Every structure is written in C-alpha cells, then in structure tokens.
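> Make a model of this:
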Amino acid sequence: IAGGADETAATNTAEVIVEPDMLGIQTHGLECLGGYIRAMREGRLDAAAKPEIVKESPDYALVDGHNSLGHATAVYAMDLAIQKAEQSGVGVVVVRHGAHYGFAGYYPLMAIKEKMMGFTTSNTTPCMVPTGALQVMIGSNPISAGFPADPYPFLLDISTCAVAGGKIDLYAKLGKDLDPSWTLGKDGKPGVDGDKVLSDMHDGWGGIQPMGGHKGYGFGLLMEILTGVIAGGKNSDQLKGGQPEGDQFSHMFFAMDYGVFGDREEIERSLSDYLQRIRDAKRLDPNVSIITPGEREFINRAEREENGILLLESTRDRLAELAAAAGILVEAHAAAKIGGVFLFKRACERGIEARGYIAGQHTAVGKRLLDAEFIRGQRPAKKQRLAGVGVYKIQQRFQRCCFSSAVAADEARDGTGRNVKGNVPQCKRAVPLA
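Numbering: from 1, shown residues only. All right, here's what the predicted structure looks like:
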C-alpha cells in the first residue's frame, strides 16, 4: 500500500508471496520480496496500475497488465478464468505487459478451491539455452497445473529448464556448487559457480539447460507460443531484466469445470484412487516412499501451519531492512536464532488477531514474548502470550506490509512449552505504526 497499491492488490500479493514458503519452496517466496520492492522504487513496477480487459467473450479474455504488481494481476486473471469456467465450462485468459508473478502453483490452487482444474504458464527473461546453442533464448517458462483429489490435490509445478533460475540464485547465496548437469558456461562447459553462471546469463551467454534435453526445449517453446505469441507481447529473447519499462512478461491462465463431463465426485474419486495406487506401487527402495506431484508441498504446509516458516538469516535481515526503510517497523529487527535459521511462528493459530510480529533487536536469552500489537495505531485491549519465538505472522493478510512490533518479557518458550534454545530477542516498548 505504501507503494501505491490498493488494499486488494496488496493483500493478494502478500498471500502469493508467503504461500511458497508455507509449502517449503524457498526460491519463490519472501526471498524475492526485495527484488519486487526495488522494482517499485525504480519505477519498473507500477503498484498503482490496474489490469484492464482489452477484449473478451464468455469463455476467454485478453488482459493488459499495465506493468502492475505481477501477483495481483495474476490473481485477477485466474479469478476471471474461473468466473468464465463457471458460466461456460472453460475459461482462458492471457495477459500481456505483466510482471513476475512468483509461485506459479498458486494459481491452479485457486481453481482447485473452486472444484476446477487449473493451469498457468508464463514467459520470462531468457535463461535457457536451446539444445545445441550457447546463447540464452528462452525463459524458464514454467508449467503449473492442478486438479482436486484426496488426501492431497494433484499439483504439478515445474520449470521447462533443468532447474528454476531462482534455485541458481539461492545456491549462489548459499555458496553451494551447482549440479554440473544444470547449466552451461559461456565457454560451453558445465557451470558449477552460481554467481558466474548468473553473470554470464546476464550478458546473454551460457545459461540453464532445458529440462530433459530437447524435450524441455520444445516445451519451453510451446509455453512461449501460449503466452508472448498469443498475447501479442514480447518473446523471451526480447525481455531483459532491470529495464525501465519493467518485466513485460506474458501469461496464460486456464480453468475448467470438469463437472460438465460427468459426476464431479466420481471424477475426483477416480483421480484420488489412481494416485493412491501409485503411492502403493512396489517401491524401488522399500525405505523411500512414492509421492505424487504436490504431496510433499502439502505435507510441508501442514508442518509449517504448526511450527512456522524457516527463513535464511540473510532473508530475515533483508525483510527487517525493507520494513525499516518503508517506515513500517520502528524497533523491530530480529528474531530468535534456531540452528542457523529463523523460525517465525504463526500467531493466527493461537487466536491472536495480529497481522504480523517481529521481536526487537536487543538480544536476551530466555525472554517471553507478549502480544502488544499496533496496527494503524490501534493497540488491542488484551495482552496475550505468543506461543512461539520471534513471532512473525506474515501469512495471508499483511496489507501495507503490516509488520507490527512486539514487547518482550520473561522467558521464551515454544508452542509445546519446551525451552527454546538460541538467542531470543527482547524489544524495547513497541511504537505504534503511523
């Protein structure tokens, strides 16, 4: 909101950014937040702009994103596709002049919640070297599709590259060597240094190998046809990050009401039974379970609902810096350190109405965090112990990046009452947000 977005766009963006961290996908969540804010500050992303329908029919639409928040535009487009599918059985929406929309799997999940099949794809800045080439020409061009099932929905979310660009960036930040099969350097040899690979890709040479060789190359091109070509936008080789005009990505969103083909419950049961037969198949290794697409992520989500989100130390520090620079956090800078990562416990499960918490920077071992929420200058009447450390409920609703402060006293304990190891921060008295 501070960047010009309305409440709906800000809320939708926040939800999409947090969801991959809830699912255990670090590459597309809060790790990316700094880049989005930097793009807004530099004028490459217009938070105040709104998507516009250029043309439509009962079952399709062409939307101009006007370089607005990529996540908010994508939620708008997928919702539009779902509305059309409710009326016509199928809804297809393509977007031009869009921006990076984060975790592609979020949008099929929107359709799944409405008992529909969902699909999305997008073109991106070039990072893939076509089979036999040394020059990056195709984006990661993700494919994501989902279908309702029990106990876990089917959710496919893949890059057409051997690995997502975000993973190269993450490995570079962690100082880890890349798998030699993932990339090529500009000299045509396998790249293992993430920083060097990213630098070469920025110059247009070397890059990420296609997923499955020529097959991934073909899929990447197909996704390009479904996005940039059909939408009348730019193709991946014409996109370059950091430009004044913004990302200029194109997307496609598809929703299908499969109930038009037969009994909805029978169709869902058929898929659920099939997925279970796959899980029950004879294992290659008796000690390694067979999982279906999306299963691991929903198991991760259940665990994080209970225990919170694990963030890299660098991500935690960057979030605090961004919030302080925006004038949102006054005295809130740190959270409890646990095993080299920072655990942010979700307060909503404890019945606390806060939108976000971070403990302050003054460290003291064994301090209990009490609820002293300040949102838009309003302090709640009651104080309530937060069952967690460095409680930072960033899930689902941080309008205006609503980070609030907390005050600290006594000893910190986790949700089960056990003592928390590590340095638990203590705040000075929190200051109401403006």
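
> how about the CA coordinates for the helix or strand encompassing Arg96, as PDB?
Secondary structure assignment for Arg96, by DSSP states H and E: strand 90-98. C-alpha atoms of strand 90-98 as PDB (Å, rounded to 0.1, in the frame of the first residue of the first chain):
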ATOM      1  CA  VAL A  90     -13.900 -23.400 -19.700                       C
ATOM      2  CA  GLY A  91     -12.200 -20.100 -19.100                       C
ATOM      3  CA  VAL A  92      -9.000 -18.900 -20.800                       C
ATOM      4  CA  VAL A  93      -7.300 -15.600 -20.000                       C
ATOM      5  CA  VAL A  94      -4.000 -14.400 -21.500                       C
ATOM      6  CA  VAL A  95      -2.100 -11.400 -20.100                       C
ATOM      7  CA  ARG A  96       0.500  -9.100 -21.800                       C
ATOM      8  CA  HIS A  97       2.600  -6.400 -20.200                       C
ATOM      9  CA  GLY A  98       2.600  -8.400 -16.900                       C
END
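
> and the angle for the helix or strand that comes right after that strand with strand 90-98?
Next in sequence after strand 90-98, counting helices and strands by DSSP H and E, comes helix 106-113. Here helix 106-113 points in a direction 160 degrees away from that of strand 90-98 (axes from the mean of the first three to the mean of the last three CA atoms, to 10 degrees).

> The helix or strand following helix 106-113 pairs with which strands, and in what direction?
Once the chain leaves helix 106-113, the next helix or strand it forms, by DSSP H and E, is strand 117-122. Partners of strand 117-122 in the sheet, by DSSP bridges, are strand 143-147 (antiparallel), strand 249-256 (antiparallel).

> Put together TSV for those strands, with mean neighbour count on each row.
To be clear about C-beta, it is placed using only N, CA and C from the backbone, and glycine gets the same treatment. Formatted as TSV, these follow (neighbours: other CB atoms under 10 Å):
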stretch	mean neighbour count
strand 143-147	23
strand 249-256	27
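
> can you redo those strands as a markdown table with mean pLDDT and distance to Ala39?
What follows is the strands paired with strand 117-122, written out as a markdown table (pLDDT from 0 to 100; distance: least, CB to CB, whole Å):
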| stretch | mean pLDDT | distance to Ala39 |
| --- | --- | --- |
| strand 143-147 | 98 | 23 |
| strand 249-256 | 98 | 12 |
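
> Low-confidence bits of the stretch 251-400 of the chain, can you list those?
328-400 (pLDDT under 70).

> Now do the end-to-end distance for stretch 251-268.
Its start and end residues considered, stretch 251-268 measures 28 Å (CA to CA, to the nearest Å).

> shift numbering so it begins at 43
Got it, the first residue is 43 from now on, which makes the last one we talked about stretch 293-310.

> can you list contacts of that stretch?
Contact with stretch 293-310 is made by 116, 119-120, 122-124, 126-128, 131-137, 140, 143, 149, 153, 156-165, 189-192, 268-269, 272-273, as judged by CB atoms under 8 Å, 6 or more residues apart in numbering.

> Tell me the buried residues in the longest helix along the chain?
If you go by DSSP state H, the chain has its longest helix at helix 112-130. Buried residues in helix 112-130, counted by 16 or more other CB atoms under 10 Å: 112-124, 126-127.
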